[in-house]
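[1] whatever this is, show me its structure:
(chains A and B)
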Amino acid sequence: MLRYTIKRLISLFISLAVASIVIFAVIEIAPGDPASFMLGMNAQPETLAALRTELGLDVPKVQRYLTWVGGMLSGDFGTSYTYRTPVMDMISDRLWVSLPLALYALVLSTALAFPAGIYAASRRGQAGDIGVMGATQLGVAVPNFWFAMMLVLIFAINLRWFAAGGFVGWDKGLWAGLHALTLPAIALALPQAAILARVMRSSLLDVLGEDFMRTARAKGLTARQALWRHGLRNALIPVLTIIGLQFSFLLAGSIIIEQVFYLPGLGRLVFQSISARDLIVVESVVMLLVFSVITVNFLVDLAYAAVDPRLRSRT
Amino acid sequence: MIRNLIIGGVLSAVFVCAALISFVWTPYDHAALDIANKLKTPNALHLLGTDHFGRDILSMIMVGARTSIAVALVAVGIGMGLGVPLGLWAAARQGTWLDELIMRGNDLVFAFPSLVIAILITAIFGAGAINAIIAIGIFNIPVFARITRGAALSLWRREFILAARVAGKTAARISVEHILPNVTNLLIVQGTIQFSLGILAEAGLSYVGLGAQPPTPSWGRMLADAQTLVSIAPHMALVPGFAIILTVLGLNLMGDGLRDYLDPRLRVARV
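    Numbering: from 1, shown residues only, chains lettered A, B, ... in the order given. Predicted coordinates:
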């Protein structure tokens, strides 16, 4: 297990390094000099040069890359070109909306998908199974931001159970914060729950055909007992992988959903930064998202290997 | 299930036809403003109603189908065009550093969700439908590379491939002449799925302003316009929403149906 962990850890670092180089290079070729953008058309050459020095734009690219990466490792993402505040502060403020939203959606999606998938698998081919599968087929096809608009129309505008948008902030209490994130989380969770329920069902069906399930029945367990004690645990492995993958999709997906609910999350930050050409913020948010995808995948790989020893020797 | 194939095929065909017909005919000019008739609910003159500028929604949906289908189709083309050769190449050099390099490269691209790629491209070039195509297309490459390599690896162990090698064919020729035809079914099914995902992704990107820009009509943009008016003119949000759902549903059903139809083992298993 240790050997495997070290191997995966090395490839994690290589992936992160290459990803950061790609992102840095892409932002580098973006047209326009941040300093002249900040100062406008009529800036004096001396002021421009001074600002370029201040922003660290006058040193060679390789050195700037190393400064950027080194800064990120120590929690310093640089200074926003437009707001002149540390990017780290801007991101962590927004992350307090986006991250809880993604986690909330993940919990909802899992809570919906597990019962649906188990129910469908245990009634394979019957009306219940066909009904659940039909519903998931529809759930996969619904764009989450459109679903979000419909939720706003029904639950915020007509029924007035929730606010149509905005975020009260966590200082108003946990309940108020969760309440404000409920509709966005449902909108994010539903399509993911549909995918997860399908994975749960097919994984469970694979396990139900195994010999040990027949043995479990033969030793006197009822179908239900066998399913809960032996089937479910073994079916969980592929499901966990998908849950891991979904987290990064939910984080990226929250960028779109935030637009529907006018939430002050990473999404709004990144779109504002694009239009203000505040590329250092764009760069950092993108790196953060990619970092989370790569790291979650790494953790899923490790969890997978911890559960299934066969995988450790393979790579 | 052959039923899925038919339902899915018909649904998809409706929208493809709507897109094609829009080149020669739409009920109204999709860009023509008619403020006097704004926000009309569906009626005999405007079958799907009008938007806040009095534009005919049916016409916009038809022209918007063009954008959605074109973006998703080209993105699948990019994914297949680059991903399939990479997958074949990796499989032919299985276990070598080249295989490792291609697959690790795939993992890396996989870590960039198409939304993130779109954000990066927009930061450089500004927004546009081309960005959406590139962003979704890049995301499709590793999908096709992985599935091709996976299927090709098991084929390389088969006897007819061994026979081809004994006959002196090069790895490249075997990949093209023997491996590729045997993974085509798989690629068609995956292509359908990526096509439907592409339509969803395009709608999302143009909704947040990273995809097609006005005046190019697109379903995502129509939804963005509808957002502030959803309480007074719900049809503006409902119609493009249903267009997306039905198209994606149709393509997914068609993909499922095709998979069952093209895989003879599944057919036998059911009988």
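[2] and the stretch 1-150 of chain A, which residues reach chain B?
    Neighbours of chain B within the stretch 1-150 of chain A, by C-beta under 8 Å from any C-beta of the partner chain: A:11, A:14-15, A:18-19, A:22-23, A:26-27, A:29-31, A:137-138, A:140-146, A:149-150. In this view, the C-beta of every residue, glycine as well, is placed from N, C-alpha and C.
[3] quick one: the helices in chain A?
    Applying DSSP state H to chain A gives helices spanning A:2-28, A:34-39, A:45-55, A:61-73, A:87-122, A:127-141, A:144-151, A:174-208, A:211-218, A:223-226, A:232-261, A:266-275, A:279-307, A:310-314.
[4] how about chain B?
    With DSSP H, the ranges of helices along chain B come out as B:2-24, B:57-92, B:97-110, B:114-125, B:129-156, B:159-166, B:171-174, B:180-207, B:219-227, B:235-262, B:264-270.
[5] which one, of these, ends up nearest to B:Lys38?
    For B:Lys38, the closest of those is helix B:235-262, at 10.4 Å, according to C-beta to C-beta.
[6] how far does the closest one sit from the chain's center?
    11 Å (C-alpha atoms, centre = their mean, to the nearest Å).
[7] which residue lies nearest the spatial centre of chain B?
    B:Phe195 (2.1 Å; C-alpha atoms, centre = their mean).
[8] roughly how far apart are that one and B:Ala224?
    Distance from B:Phe195 to B:Ala224, counting by C-beta to C-beta, to the nearest Å: 23 Å.
[9] near chain A, which residues of the stretch 151-271 of chain B are found?
    Residues of the stretch 151-271 of chain B lying near chain A (C-beta under 8 Å from any C-beta): B:196, B:200, B:203-204, B:207-209, B:223, B:226-227, B:230-231, B:234, B:237, B:240-241, B:244-246, B:248-249, B:252-253.
[10] just the buried residues out of the residues you listed, in ChimeraX syntax.
    In ChimeraX, a selection of the buried entries from those looks like this (16 or more other C-beta atoms under 10 Å in any protein chain shown):
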select /B:196,200,203,204,207,208,209,223,226,227,230,234,237,240,241,244,245,248,249,252,253
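[11] now do the contacts for A:Ala306.
    A:Met1 (C-beta atoms under 8 Å, 6 or more residues apart in numbering or on different chains).
[12] what do you get for B:Met103?
    B:Met103 neighbours (C-beta under 8 Å, 6+ apart): B:90, B:145-146, B:149.
[13] top of the residues you listed by neighbour count?
    For the contacts of B:Met103, the largest number of neighbours (other C-beta atoms under 10 Å in any protein chain shown) sits with B:Ala145, at 28 neighbours.
[14] for A:Val307, which non-adjacent residue is closest in space?
    Excluding the flanking residues, the one nearest A:Val307 by C-beta to C-beta, 6 or more residues apart in numbering or on different chains is A:Ile237, at 5.7 Å.
[15] shaky segments in the chain?
    Unless you meant another one, I'm taking chain A. The model of chain A has pLDDT under 70 over residues A:32, A:41, A:311-315.
[16] that's the other chain; I wanted chain B
    For chain B, counting by pLDDT under 70, the residues that fall below are B:1, B:264-271.
[17] at 50 what do you get?
    B:268-271 (pLDDT under 50).
[18] buried residues, stretch B:185-199. List them.
    Those would be B:185-187, B:189-199, for stretch B:185-199 by 16+ other C-beta under 10 Å.
[19] closest to chain A out of these?
    Among these, B:Ser196 lies closest to chain A (C-beta to the nearest C-beta), at 7.5 Å.
[20] can you tell me which residues contact that closest one?
    Neighbouring residues of B:Ser196 by C-beta under 8 Å, 6+ apart: A:141, B:72, B:247-248, B:251-252, B:255.
[21] try it again with 10 Å
    Applying C-beta atoms under 10 Å, 6 or more residues apart in numbering or on different chains to B:Ser196 gives the contacts A:140-141, B:8, B:12, B:72, B:76, B:244, B:247-255.
[22] what of A:Phe247?
    Neighbouring residues of A:Phe247 by C-beta under 10 Å, 6+ apart: A:102-103, A:105-106, A:109, A:192, A:292-293, A:296-297, A:299-300.
[23] most surrounded residue in the residues you listed?
    Using other C-beta under 10 Å as the neighbour criterion, A:Ala105 leads these with 29 neighbours.
[24] contacts only, for that residue.
    For A:Ala105, the contact set (C-beta under 10 Å, 6+ apart) comprises A:144, A:181, A:184-190, A:192-193, A:246-247, A:249-251, A:253-254, A:257.
[25] what would the helices of chain B look like in a markdown table with distance to B:Leu45?
    Listed next are these as a markdown table, based on distance: least, C-beta to C-beta, whole Å:
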| stretch | distance to B:Leu45 |
| --- | --- |
| helix B:2-24 | 19 |
| helix B:57-92 | 11 |
| helix B:97-110 | 49 |
| helix B:114-125 | 38 |
| helix B:129-156 | 30 |
| helix B:159-166 | 63 |
| helix B:171-174 | 60 |
| helix B:180-207 | 27 |
| helix B:219-227 | 19 |
| helix B:235-262 | 14 |
| helix B:264-270 | 49 |
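[26] these: which one's closest to A:Arg229?
    The nearest among these, by C-beta to C-beta, is helix B:264-270 at 28.5 Å.
[27] so what's the residue count around A:Ala49?
    By other C-beta under 10 Å, 14 other residues sit near A:Ala49.
[28] before we move on, the earlier item: quick one: the residue nearest to A:Val307 and chain B, what's the gap?
    To chain B, A:Ile237 is 18 Å away according to C-beta to the nearest C-beta, to the nearest Å.
[29] just A:Gly134 next, same as before
    10 Å.
[30] now that residue: how far from B:Gly241?
    Separation of A:Gly134 from B:Gly241 (C-beta to C-beta): 19 Å.
[31] got it, and A:Arg229?
    Taking C-beta to C-beta as the criterion, A:Arg229 is separated from B:Gly241 by 43 Å.
[32] which of the residues of the stretch 1-150 of chain A next to chain B are buried?
    Here, 16+ other C-beta under 10 Å leaves A:11, A:15, A:18-19, A:22-23, A:26-27, A:30, A:137-138, A:140-146, A:149-150 buried among those.
[33] how about the residues of the stretch 201-315 of chain A near chain B?
    Applying C-beta under 10 Å from any C-beta of the partner chain, we find that the stretch 201-315 of chain A lies next to chain B at A:245, A:248-249, A:251-253, A:255-260, A:262, A:267, A:270-271, A:273-275, A:277-279, A:282-283, A:285-287, A:289-297.
[34] what subset of those residues is buried?
    Judged by 16+ other C-beta under 10 Å, buried ones among these: A:245, A:248-249, A:251-253, A:255-260, A:267, A:270-271, A:273-274, A:277-279, A:282-283, A:285-287, A:289-294, A:296-297.
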